[in-house]
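Enquirer: below are the sequence and a predicted model for it; my questions follow.
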Amino acid sequence: MNLSVAQRWQVAAIILVGLNLRPVLASVPPLLDALQAATGMSDGAAGLMTALPVFVMGIGALSAAPLRRLLGERLGVLLGLAVIAIAAGARLAADHTGALLATGVAAGLGIAIAQALLPGYIKARLAAASSGVMGLYSTAIMGGAAIASVATPLMARQQSLSLSLAAWAVPALVALACWARAAGRAEAVAHAAGADGAHGRRAWLLAIFFGLGTGAYTLVLAWLPPYYTALGWTPVAAGSLLGAVTVAEIAAGLLVSALIGRLPDRRPALYLAIGSLLVGLAGLAIAPLAFAWPASVLAGLGIGALFPLSLIVTMDHAATPAQAGRLAAFVQGVGYLIAATFPYAAGLIRQHVSDLRPAWGVMMAICAILFAMALRFRPQAYRR
């Protein structure tokens, strides 16, 4: 990417923001068994620990347009980071289920604001390199999850559960300060009124595709560590497994960012990502102990490629920054509402049958649906 010095600082700030959009969520699953023991939380409520923030992320994304008009991208992202920092810090005093769920909802709102506004900013300020920057940004999101999933159970060995969860307010504040400086005082991107097809059939297809693919991410994020602690693993080992998943996601995201410019037709990459996810899920369902690491890594590679590819394909359908902002908000809004159902449904499955294998099986069937949907993403149809 051929960028000016100012643009490089903007990219660095975007990456730092991305790193802070998942730790509040990813820090919980490795400690979920301990949190359930400490608070009496049911499996259904445990599923809500991930489902509610993701649901709020969807609602927030759908409501991003008024915030964009009121604040613009720069101040909107600042607000989102501030809310994330406050929500994480509040976990220091969250000692019961209701308080933990409330902090998750607040964190989801902050995440929603930031990630709904950033695509429009990237499309406007870094237009020539927008696909590559979107890949880096998406990879940073997964990188933040990897760091949190490994570091949080290690911190919990030395300090309380609440302090381990609240510690993620600090990097959010660092990101806030860096974004405020690097983003400068740029004017908000103009988003003209008028129909741009953001709610047409193709936009719904993109939103459902994004939602089903992100559902795999939320499912694995919420339930992979508890799945393995139930099989006898320690929280640190289960957190490390989730960390391996997210490292694989990062590797896949970086590969997508590096190579996506050579693939004007995104479908072969989508097929490869979905196939990797499918094989990984099969390993988790059929031989979870024998194939724990390879199955998790394959699932991570699939999720890690599918997430940025879904966003990149969405951006491909937008001819202007205005369309990119509106379409990204719609796709992410509807998509996260869909994805929010996955961890909650898996929690109910675990609560009633004491096993998560059926959840992996359902996700495998959804992979077949994703294959069929990806067939329709021909470049010739992007702006039709």
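Expert: Everything's here; your move.
Enquirer: near Gly98, how many other residues are there?
Expert: Neighbour count of Gly98, defined by other CB atoms under 10 Å: 10. All C-beta atoms are positioned from the backbone trio N, CA, C, and that covers glycine.
Enquirer: before we move on, what about Val279?
Expert: The tally of other residues near Val279 (other CB under 10 Å) stands at 18.
Enquirer: nearest residue to it other than its sequence neighbours?
Expert: Leu298 (5.2 Å; CB to CB, 6 or more residues apart in numbering).
Enquirer: the one you found sits in which helix or strand?
Expert: Using DSSP states H and E, the element containing Leu298 is helix 292-316.
Enquirer: between whichever helix or strand comes after that helix and helix 292-316, how many degrees?
Expert: Next helix or strand after helix 292-316 toward the C-terminus (DSSP H and E): helix 321-339. If you take axes from the mean of the first three to the mean of the last three CA atoms, to 10 degrees, helix 321-339 sits at 140 degrees to helix 292-316.
Enquirer: can you spell out which helices and strands pack onto helix 321-339?
Expert: The contact analysis (3 or more CB pairs under 8 Å, 6 or more residues apart in numbering; DSSP states H and E) places helix 321-339 against helix 43-62, helix 64-90, helix 97-125, helix 201-229, helix 292-316.
Enquirer: save these as JSON lines, and put in mean pLDDT and distance to Ile338 too.
Expert: Shown next, in JSON lines, are these (pLDDT from 0 to 100; distance: least, CB to CB, whole Å):
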{"stretch": "helix 43-62", "mean pLDDT": "86", "distance to Ile338": "8"}
{"stretch": "helix 64-90", "mean pLDDT": "88", "distance to Ile338": "17"}
{"stretch": "helix 97-125", "mean pLDDT": "86", "distance to Ile338": "14"}
{"stretch": "helix 201-229", "mean pLDDT": "91", "distance to Ile338": "3"}
{"stretch": "helix 292-316", "mean pLDDT": "91", "distance to Ile338": "12"}
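Enquirer: nearest to Val247, of the ones you listed?
Expert: Among these, the nearest to Val247 by CB to CB is helix 292-316 (7.2 Å).
Enquirer: in the closest one, what's buried?
Expert: For helix 292-316, the neighbour count (16 or more other CB atoms under 10 Å) marks 292, 295-316 as buried.
Enquirer: tell me what that helix is packed against?
Expert: Looks like helix 292-316 contacts helix 97-125, helix 130-158, helix 201-229, helix 235-259, helix 267-286, helix 321-339 (3+ CB pairs under 8 Å, 6+ apart).
Enquirer: figure out which of those is closest to Val11.
Expert: Closest approach to Val11 among these (CB to CB): helix 130-158, 5.8 Å.
Enquirer: after the closest one, which helix or strand is next?
Expert: As assigned by DSSP H and E, the chain's next helix or strand after helix 130-158 is helix 161-166.
Enquirer: got a list of what the spatially closest residue to Trp179 that is not a sequence neighbour touches?
Expert: Nearest residue to Trp179, sequence neighbours excluded (CB to CB, 6+ apart): Ala13, at 4.8 Å. If you count contacts by CB atoms under 8 Å, 6 or more residues apart in numbering, Ala13 has them with Ala175, Cys178, Trp179, Arg181, Ala182, Ala183.
Enquirer: of those - the most surrounded one?
Expert: Ala175 leads those on contacts (other CB under 10 Å) with 26 neighbours.
Enquirer: I'd say that one and Ile14 touch.
Expert: No: applying CB atoms under 8 Å as the test, Ala175 and Ile14 come out as separate, 10.0 Å apart.
Enquirer: on that earlier part again, mind checking how far the helix holding Leu298 is from the chain centre?
Expert: 11 Å (CA atoms, centre = their mean, to the nearest Å).
Enquirer: just to revisit the earlier point, turn the helices and strands packed on helix 321-339 into JSON lines, including distance to Ala238.
Expert: Shown next, in JSON lines, are these (distance: least, CB to CB, whole Å):
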{"stretch": "helix 43-62", "distance to Ala238": "14"}
{"stretch": "helix 64-90", "distance to Ala238": "22"}
{"stretch": "helix 97-125", "distance to Ala238": "19"}
{"stretch": "helix 201-229", "distance to Ala238": "4"}
{"stretch": "helix 292-316", "distance to Ala238": "10"}
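Enquirer: right, so of the ones you listed, which gets closest to Leu370?
Expert: The closest of the helices and strands packed on helix 321-339 to Leu370 is helix 201-229. By CB to CB, the value is 5.7 Å.
Enquirer: what packs against the closest one?
Expert: Using 3+ CB pairs under 8 Å, 6+ apart, the elements in contact with helix 201-229 are helix 32-39, helix 43-62, helix 235-259, helix 267-286, helix 292-316, helix 321-339, helix 341-353, helix 357-374.
Enquirer: ok, 7 Å please
Expert: Under the contact definition 3 or more CB pairs under 7 Å, 6 or more residues apart in numbering; DSSP states H and E, helix 201-229 sits against helix 32-39, helix 43-62, helix 235-259, helix 292-316, helix 321-339, helix 341-353, helix 357-374.
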